[in-house]
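> Give the three-dimensional model of this entry:
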Amino acid sequence: MRIYPAWVMEHLTAGRCVKERNGRYYLYKRTSRRLPGRRTPVPQDEYLGVIDEKEGFVPCSKRCINVSDIRAYEYGYSKVLYDLCPDSWKRVAGSDWEDILVAGIIDVSSSSYLQLNLTSKISETSMSRVKTERVTLYRRMKETYDVSKDELLSLRSIHLLVFDEHTRFLTAIDERQAALLSKLSISLEVC
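All right, here's what the predicted structure looks like:
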């Protein structure tokens, strides 16, 4: 067993181990497990934090997230179209404008974040009107905000990453997309 300074040894208890790297001391929880075909158990260490002479034990503030649980949704195009949908288009589309809008967005961007909030299936009537109304919507967006269909579609590469119910991040926004969002006076933020 290695001998560490007294201020390190006071944190070394049963089931714990210390590793030194470059003059810094790191505390780990040590367990072991048996592997088939091996005579001795294999140690497994879980990082707990740093041991500092002045501050004592400083726990790790990082938490592990299982990457297999991460879900990615298209966010940029869907959010902009949904938030900036012109009132003139809504009046023409009628009382079910929202169903038509959501169906149209999902038709273009099948991985849209709007699927997270869908409580019911979109009606067949709304789906049949999607293509016709989408052409009108792009025209109204051009008239109202001076933004083309291609500019809107360029926002499809902005994704929402959902790690768990409290942790969400956006992927990178390039300069061209940032300029377009600025022109539209819209901020893509995730709370």
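> ok, and what's touching the longest helix anywhere in the chain?
In the chain, taking DSSP state H as the definition, the longest helix is helix 124-145. Residues from elsewhere that reach helix 124-145 (C-beta atoms under 8 Å, 6 or more residues apart in numbering): 81, 84-86, 88-89, 92-93, 96, 99-101, 103-104, 107-108, 147-149, 152, 183-184. Where you see a C-beta, it was placed from the backbone N, CA and C, and this is true even at glycine.
> out of those, which are inside strands?
Among the contacts of helix 124-145, no member is found in strands (DSSP state E).
> Stretch 165-182 spans what distance, first to last residue?
End-to-end distance for stretch 165-182, by C-alpha to C-alpha, to the nearest Å: 29 Å.
> pLDDT (mean, whole number) over that stretch?
The pLDDT scores in stretch 165-182 average 89.
> Just say helix, strand or coil for the spatially most central residue of the chain.
The residue lying closest to the centre of the chain (C-alpha atoms, centre = their mean) is Leu161, at 1.9 Å. Judged by DSSP: H, G, I helix; E, B strand; the rest coil, the three-state class of Leu161 is strand.
> partner residues bridging it?
Beta-bridge pairing of Leu161 under DSSP bridges involves Ala72, Phe169.
> show me what contacts it?
By C-beta under 8 Å, 6+ apart, Leu161 lies in contact with Ile70, Arg71, Ala72, Arg168, Phe169, Leu170, Thr171.
> now do 7 Å
Ile70, Ala72, Arg168, Phe169, Thr171 (C-beta atoms under 7 Å, 6 or more residues apart in numbering).
> Pick the one among those residues closest to Cys17.
Among the contacts of Leu161, Ile70 lies closest to Cys17 (C-beta to C-beta), at 31.1 Å.
> do you know how far the closest one is from Asp96?
For Ile70, the distance to Asp96 (C-beta to C-beta, to the nearest Å) stands at 34 Å.
> ok, now Glu46?
Relative to Asp96, Glu46 is positioned 53 Å away (C-beta to C-beta).
> Neighbour count: those two, which is higher?
Asp96 (14 against 10; other C-beta atoms under 10 Å).
> Tyr77: neighbouring residues, count only.
Other residues near Tyr77 come to 19 when the count uses other C-beta under 10 Å.
> Pretty sure Glu74 sits against Ser109.
Yes: Glu74 lies in contact with Ser109 (C-beta atoms under 7 Å); the separation is 4.4 Å.
> Could you tell me which residues touch both of these two?
The contact sets of Glu74 and Ser109 overlap at Arg156 (C-beta under 7 Å, 6+ apart).
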